[in-house]
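Trainee: Fold the stuff below for me.
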Amino acid sequence: MNELEQNIQSYFGIIQPQELKMISSLFHPYTIKKGEFYLEEGRRCEQLSFIKSGCLRIYKNTEDKEVTQWIATQGYFVTDLSSLLFGSSARWNIQTLTDVELYTISGSDYKRIGDLIPEWHELEKLFIGKCFTILEDRIFSHLSMTAEERYQYFYDQNKELINQVPLQYIASMLGMTPETFSRIRKKQSL
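Mentor: Predicted coordinates for the structure are as follows:
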């Protein structure tokens with residue numbers, strides 16, 4: 001089982017080997033250079049991608065600042081789920097922070113999986129449930145943890161990103177100003 005198949009299995013649940021091969025065959029390699037956009041706000045998202053390597057920033061421009069919603073890294077899927085599923089305009093910009101290698105499935109092929117695999121709709125519910133659970137955990141951490149605790153939790157889970165991603169993006173994702181982030185980072189390193 002290759003990395004893509006392992007992650008499909010992990011995110012979507014138990015799938016028969018022949019069905020797993022069928023799903024993974026619908027994904028195609030795709031490379032994006034650092035600084036390029038995977039998706040721009042206002043456009044329709046026509047794909048779902050698994051990140052083989054690199055990282056992307058999911059963010060939105062507001063009147064007075066950019067707000068980083070997530071930094072997607074190797075082993076995660078990336079898309080604007082609302083746009084992909086409902087055909088609405090994308091709410092997010094998704095831009096590469098490094099060169100990125102992806103396995104990408106088109107929106108039309110993603111929708112076709114239900115015709116190819118009878119239990120797909122049940123598996124898709126598990127995938128969306130997993131996405132929702134990650135979101136719930138992030139919301140709870142923002143509501144219940146102090147800025148210092150959010151920093152420490154992020155650092156413990158993502159040490160490698162501290163040196164790969166501009167710190168203002170991480171600060172925004174954690175719901176703090178760059179100045180607060182720097183102060184906490186300095187205090188934690190003492």
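Trainee: What helix or strand is residue 67 located in?
Mentor: Here residue 67 sits within strand 66-73, counting by DSSP states H and E.
Trainee: Check which residues of the strand or helix carrying residue 155 are buried.
Mentor: Mapping residue 155 onto the secondary structure by DSSP H and E places it in helix 147-157. By 16 or more other C-beta atoms under 10 Å, the buried positions in helix 147-157 come out as 147, 150, 151, 154. C-beta: built from backbone N, CA, C; applies to glycine.
Trainee: in the protein, which spans are strands?
Mentor: Using DSSP state E, the strands of the chain run over residues 28-32, 37-39, 47-53, 55-61, 66-73, 77-78, 93-96, 100-106.
Trainee: Which of those strands sits closest to residue 185?
Mentor: Evaluated with C-beta to C-beta, these place strand 66-73 nearest to residue 185, the distance being 16.2 Å.
Trainee: just the angle between the closest one and strand 47-53, please?
Mentor: Calculated by axes from the mean of the first three to the mean of the last three C-alpha atoms, to 10 degrees, strand 66-73 forms an angle of 70 degrees with strand 47-53.
Trainee: Would you mind writing the CA trace of strand 66-73 as PDB?
Mentor: Output in PDB follows, covering the C-alpha atoms of strand 66-73 (Å, rounded to 0.1, in the frame of the first residue of the first chain):
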ATOM      1  CA  GLU A  66      -4.900  38.500   6.500                       C
ATOM      2  CA  VAL A  67      -6.200  35.700   8.700                       C
ATOM      3  CA  THR A  68      -4.500  32.300   8.400                       C
ATOM      4  CA  GLN A  69      -7.100  29.600   9.000                       C
ATOM      5  CA  TRP A  70      -4.700  26.600   8.600                       C
ATOM      6  CA  ILE A  71      -1.300  25.500   7.500                       C
ATOM      7  CA  ALA A  72      -1.600  22.200   5.600                       C
ATOM      8  CA  THR A  73       1.400  19.900   5.500                       C
END
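Trainee: Not counting its own residues, what contacts that strand?
Mentor: 51, 54-61, 78, 92, 94, 97, 158, 161, 165, 169-170, 172-173 (C-beta atoms under 8 Å, 6 or more residues apart in numbering).
Trainee: Just give me how far stretch 33-46 sits from the chain centre.
Mentor: 13 Å (C-alpha atoms, centre = their mean, to the nearest Å).
Trainee: Please point out which parts of it sit buried.
Mentor: Buried residues in stretch 33-46, counted by 16+ other C-beta under 10 Å: 38, 39, 41, 45, 46.
Trainee: Contacts for the longest helix anywhere in the chain, please.
Mentor: Longest helix in the chain by number of residues (criterion: DSSP state H): helix 120-144. With contact meaning C-beta under 8 Å, 6+ apart, helix 120-144 is reached by 11, 12, 13, 15, 81, 113, 114, 117, 149, 150, 153, 175.
Trainee: pLDDT-wise, what's the bottom of those residues?
Mentor: By pLDDT, residue 13 ranks lowest within these, coming in at 72.
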